[in-house]
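Participant: Mind folding the following:
(one chain, ligands or ions: 2)
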Amino acid sequence: MDPTFAIVNWADGSLDSPKLRSSTKKLGQLKGIFRDEDSWQRMDHETVVYRVWWWEPVTPGTEGGLFWGTTEILPGRVGQEYFMTHGHQHAVLDRAEFYGTVAGKGMLILRDENSRNRHEEMSPGSLHYIAGKTAHRVVNTGDTPLRFVACWPSDAGHDYATIAENGFGMRVMENHGKPSVMGDGEV
Ligand code: S6P
Ligand code: ZN
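Facilitator: Numbering: from 1, shown residues only. Ligands and ions are numbered 1, 2, ... in the order given. Model prediction:
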C-alpha cells in the first residue's frame, strides 16, 4: 500500500495502514485521574480503559503535516465516574484538532488557556473543533464502546503533565443512572 494512503472503515472508525501505530491504556496507568481513589485501588488494574490507533504519514514534529487516529473508550466507571482518556493539551500549545464521533455516546471536556471549561456531547456524526490552547479529554457516558476519529497537526505533540497537575475543573459522574457534569470539588 502506498504510504500516503490508508483505509478507514467509516462504520466503526477502524484504520488499516502499513504504518499503523497503537497504544492501550489500562486502569493501572491512570493513577490520580479518577476522583474515587479507593474504588480505583480496588479494581483490576489490568482492565483496558481505552485504545488508540493512529497513522503518522510524516515524522512527528514535522511542521505543516497531519496525523489521523481512532480512539476507542470502553464502557465502565471508577466509582460513579465514567471511563475517560487521560486528557492533554498540545505541547505546541496553539495547535488545534478535529474529533469526529463514529459510535457510542460521550462527552468532550474542554479547558481553555484562561481555565474556562466547556463540554460538548458526542454521538455518531458529531464533529468537534478543538481550538488551539485548549486541553481536551473524552468521557464514555454510554454502555457501549465510544469510538471517535481525530486529526491533528504532526508537530502538536502532547503535554500530559500540565493537565495532570491542574485538572480539568469538571468531571462527568453517573447520577441516578444518568451522566451529570459537575465541578471538580462538587459531590
Ligand atoms: C491526539 C488526540 C487523540 C488522543 C487519544 C487518547 O492529539 O487528541 O488521539 O491522543 O484520544 O487521549 P490521551 O489524552 O490519552 O492522549
Ligand atoms: Zn490532542
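Participant: rest of the way, CA atoms for contacts and neighbours
Facilitator: Fine.
Participant: Give me the distance between Val149 and ligand 1.
Facilitator: According to Cα to the nearest ligand atom, to the nearest Å, Val149 stands 8 Å off from ligand 1.
Participant: So is stretch 24-43 next to ligand 1?
Facilitator: No: using Cα under 6 Å from any ligand atom, stretch 24-43 stays clear of ligand 1, with a minimum separation of 7.6 Å.
Participant: gap between that stretch and the chain center?
Facilitator: For stretch 24-43, the distance between its averaged C-alpha position and the chain's averaged C-alpha position is 16 Å (Cα atoms, centre = their mean, to the nearest Å).
Participant: what does stretch 111-123 give?
Facilitator: For stretch 111-123, the distance between its averaged C-alpha position and the chain's averaged C-alpha position is 13 Å (Cα atoms, centre = their mean).
Participant: what do you get for stretch 168-187?
Facilitator: Between the centre of stretch 168-187 and the centre of its chain there are 17 Å (Cα atoms, centre = their mean).
Participant: And stretch 18-27, by the same measure?
Facilitator: Centroid displacement of stretch 18-27 relative to its chain, using Cα atoms, centre = their mean, is 13 Å.
Participant: cool, stretch 140-150 as well?
Facilitator: Taking Cα atoms, centre = their mean, one finds stretch 140-150 lying 10 Å from the centre of the chain it belongs to.
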